[in-house]
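**Q** Got a predicted structure plus its sequence, pasted below:
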Amino acid sequence: MPGRWTIPGGKVDHSEEDKINILQQTAKREVLEETGVEIENDMELVTNNSYVKENGQHVVAVVFKCRYKSGEAEPLEDTIDCKWATIDEVKAIDFPPHVKEYILSAYIL
């Protein structure tokens, strides 16, 4: 959703050689491509959801709690801006549907 804050995401790359943990590999790749931040391999599943967009596209949202490994957060690829946010800041941000719920659910794990 252009012009709104959201979390990094993208499509599974079917050309990945290793199909084991493909969702985690996709999360790592997307975070790096969109923000320049590398995350640790060990991730914790926070939630998963599926829905259909207004254009009919079916989306499967898989959200992981990740740990920072290295890199400086900066807007890359299709990203206009990025920032680290406290839980109070997250509560005040206008996210697309479900995104705030995904982020806040990671804090109760």
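**A** That came through, no problem.
**Q** CA only for contacts and neighbour counts going forward, please
**A** OK.
**Q** and residue 47, what are its bridge partners?
**A** Residue 47 forms beta bridges with residue 63, as assigned by DSSP bridges.
**Q** list the contacts for it?
**A** Contact analysis of residue 47 by C-alpha atoms under 8 Å, 6 or more residues apart in numbering lists 62-64, 102, 105.
**Q** for those residues, which one is nearest residue 44?
**A** The closest of these to residue 44 turns out to be residue 64 (C-alpha to C-alpha; 5.3 Å).
**Q** which residues are contacting the helix or strand where residue 101 lies?
**A** Assigned by DSSP states H and E, residue 101 falls within helix 99-106. Helix 99-106 is contacted by residues 6-7, 46-47, 63, 65, 87, 90-91 when judged by C-alpha under 8 Å, 6+ apart.
**Q** what about that helix, average pLDDT?
**A** What helix 99-106 shows for mean pLDDT is 89.
**Q** What are the buried residues along it?
**A** 99-100, 102-103, 106 (16 or more other C-alpha atoms under 10 Å).
**Q** ok, so of those residues, who is nearest residue 37?
**A** residue 103 (17.6 Å).
**Q** Tell me how many other residues crowd residue 27.
**A** If you count neighbours by other C-alpha atoms under 10 Å, residue 27 ends up with 23.
**Q** My reading is that it lies in a helix. Confirm?
**A** Yes - assessed by DSSP: H, G, I helix; E, B strand; the rest coil, residue 27 belongs to a helix.
**Q** Quick check: it touching residue 9?
**A** Yes - the criterion here is C-alpha atoms under 8 Å, and residue 27 meets it with residue 9 at 6.7 Å.
**Q** how many neighbours does residue 9 have?
**A** Residues near residue 9, counting by other C-alpha under 10 Å, number 17.
**Q** how close does it sit to residue 91?
**A** Noted for residue 9: a distance of 20 Å to residue 91, by C-alpha to C-alpha, to the nearest Å.
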